[in-house]
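Engineer: the amino acid sequence is not available; the structure is as follows:
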Ligand SMILES: *Cc1c(COP(=O)(O)O)cnc(C)c1O
């Protein structure tokens, strides 16, 4: 399998690149995103009985042909274990009632679905870096979830250091404790005196210093990394096999969406031949994608126009993986892509032609939005009816999913975080505190390790220089 850029440019200096290059490089030279040249065919009958790691190996090996199968197997087997994900099933399905289930993908170390991909990414990085005799220094910014997932995935890994910027005193006590209690020598928490946007600006400024970037081998693990999408494809297959009895039966999935990574994985699974009927996309009050799927008009908002909501991991102004989906809808024509993204830069949006909009409508996506009130109501409703607590993001998905639910077609809603991570909203909805997994019981009381720095790229660079290889 080779990878190409959505805008036709080079990846790592090549027109088409192998997986390892895509894993380490991130963006193509033209700002485009990497996509596999084609989608492999699913083998549903052979895959149905497989365990999670075995299924993962079958799927991942079709996207990765520059890591030998036995090495890939060892990487996958050490990633998806009961110790790390708290059950042998890794992503168990929980039935609420016949025809309505949750796909539980949030039982990893940081209690959100991002662990599924990032735990694998950490082990893939370590393997490829060691093979190529390289090191990488990951610089990132986080408002909570992604940063902690990345740190738990990279801790203790050879050849990797992580410098994670977070807004000082602006995260929840739990999120802060999750990150700052790590004391591995390769993890550096930098608490920046500013907002999340300031943190992102610093990452851009430091990364934009090409000499610094090259000298210190800077890299990223952001949401556009193809390997993250690839890893997430696996649990849609696992969920399908758990909910259906026979291959060919239809299934609808509902996915709360921010950067369009999780639902893109569902879309790729469908392209591979998984019988998903509807891909139900849920947004919160930041409803750019709902607007797009209803109108064909894509109009991302500025950070200032982005609301801070009670499902904060979906407070995204521009969904970074969306470009990959549009690439398919325009027939993988990189000229059209360059044109659309030039319109985006110039006019702040684009409207699809009638023909492309028809393709969007035929692709299985439907969408809806959910607000704070909907979230509270859904959390209450699911708790009263089934005795199950769901987190606010999951509630957005369940709310919109139910609007599209049809008798005869089971609905699988993706649980993207555990309620323990978002206790304030759960308390508002239910008047009680969500239970926490044992290992996190007293996390706020443990010693924290972080450095407070001013919102200044120079200060961050100076800190990094002292600690870099
Ligand atoms: C990241 C995240 C989302 C959004 O997922 P995308 O892949 O960005 O669409 C939803 N819920 C939770 C809890 C998250 O952490």
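Structural biologist: Received, thanks. Computed from a prediction, not measured in an experiment: that's the story for all the values here.
Engineer: residues of the protein that sit close to the ligand?
Structural biologist: Contacts of the chain with the ligand, taken as C-beta under 6 Å from any ligand atom, map to 112, 114, 145, 223, 256-262, 313-314, 393, 416-417. (C-beta placed from N, C-alpha, C; glycine too.)
Engineer: ok, residue 81 - how many residues close by?
Structural biologist: Under the neighbour criterion other C-beta atoms under 10 Å, residue 81 is assigned a count of 14.
Engineer: dihedrals phi and psi, it?
Structural biologist: phi -120, psi 160 (degrees, to the nearest 10).
Engineer: show me what contacts residue 305?
Structural biologist: Residue 305 sits next to residue 317 when contact means C-beta atoms under 8 Å, 6 or more residues apart in numbering.
Engineer: what segments of the stretch 151-300 of the chain are strands?
Structural biologist: 160-167, 187-193, 218-219, 251-256, 276-283, 297-298 (DSSP state E, counting those that start in this stretch).
Engineer: looking at the ones you listed, which one is packed in the most?
Structural biologist: strand 251-256 (a mean of 27; mean count of other C-beta atoms under 10 Å).
Engineer: now do the SS call for residue 137.
Structural biologist: Three-state assignment for residue 137 (DSSP: H, G, I helix; E, B strand; the rest coil): strand.
Engineer: number of residues surrounding the residue in the stretch 1-150 of the chain positioned nearest to the ligand?
Structural biologist: The stretch 1-150 of the chain approaches the ligand most closely through residue 145 (3.9 Å), counting by C-beta to the nearest ligand atom. For residue 145, the count of nearby residues is 24 (other C-beta under 10 Å).
Engineer: poorly predicted segments of this protein, please.
Structural biologist: By pLDDT under 70, the low-scoring segments of the chain are 26, 469.
Engineer: apart from its neighbours in sequence, what residue is nearest residue 197?
Structural biologist: Excluding the flanking residues, the one nearest residue 197 by C-beta to C-beta, 6 or more residues apart in numbering is residue 303, at 5.4 Å.
Engineer: what is the burial count for that neighbour?
Structural biologist: Residues contacting residue 303 under the criterion other C-beta under 10 Å number 14.
Engineer: looking at the residues of the chain next to the ligand, spot the one nearest residue 343.
Structural biologist: If you rank the residues of the chain next to the ligand by distance to residue 343 using C-beta to C-beta, residue 260 comes first, at 19.0 Å.
Engineer: about what we covered before: and of the strands of the stretch 151-300 of the chain, who's closest to residue 373?
Structural biologist: It's strand 276-283; of those, that one is closest to residue 373 (C-beta to C-beta) at 14.8 Å.
Engineer: strand partners (parallel or antiparallel) of that closest one?
Structural biologist: Strand 276-283 pairs in its sheet with strand 251-256 (parallel), strand 365-369 (parallel), by DSSP bridges.
Engineer: now those in JSON lines, with distance to residue 441?
Structural biologist: JSON lines is the format used below for the strands paired with strand 276-283 (distance: least, C-beta to C-beta, whole Å):
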{"stretch": "strand 251-256", "distance to residue 441": "27"}
{"stretch": "strand 365-369", "distance to residue 441": "36"}
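Engineer: so which bits of stretch 379-396 are buried?
Structural biologist: Neighbour-count burial for stretch 379-396, counted by 16 or more other C-beta atoms under 10 Å, picks out 379, 381, 382, 383, 389, 390, 391, 392, 393, 394, 395, 396.
Engineer: ditto for stretch 192-212
Structural biologist: Here stretch 192-212 shows 192, 194, 196-203, 206-207, 212 as buried, counting by 16+ other C-beta under 10 Å.
Engineer: still on that earlier bit, could the buried residues of stretch 379-396 go into TSV alongside secondary structure?
Structural biologist: Below are the buried residues of stretch 379-396 laid out as TSV (three-state DSSP):
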residue	secondary structure
379	helix
381	helix
382	helix
383	helix
389	coil
390	coil
391	coil
392	helix
393	helix
394	helix
395	helix
396	helix
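Engineer: so how far is residue 185 from the closest residue to residue 388 other than its chain neighbours?
Structural biologist: Spatial nearest neighbour of residue 388, excluding adjacent residues (C-beta to C-beta, 6+ apart): residue 382 at 5.6 Å. Residue 382 sits 43 Å away from residue 185, taking C-beta to C-beta, to the nearest Å as the criterion.
Engineer: tell me how many other residues surround residue 8.
Structural biologist: The burial count for residue 8: 16, using other C-beta under 10 Å.
Engineer: how about residue 83?
Structural biologist: If you count neighbours by other C-beta under 10 Å, residue 83 ends up with 5.
Engineer: A helix includes it, no?
Structural biologist: Yes - counting by three-state DSSP, residue 83 is found in a helix.
Engineer: which parts of the stretch 101-250 of the chain are helices?
Structural biologist: 114-132, 145-154, 173-180, 196-208, 210-215, 226-243 (DSSP state H, counting those that start in this stretch).
Engineer: between these, which one is nearest to residue 453?
Structural biologist: Across these, residue 453 has its closest neighbour in helix 196-208 (9.0 Å, C-beta to C-beta).
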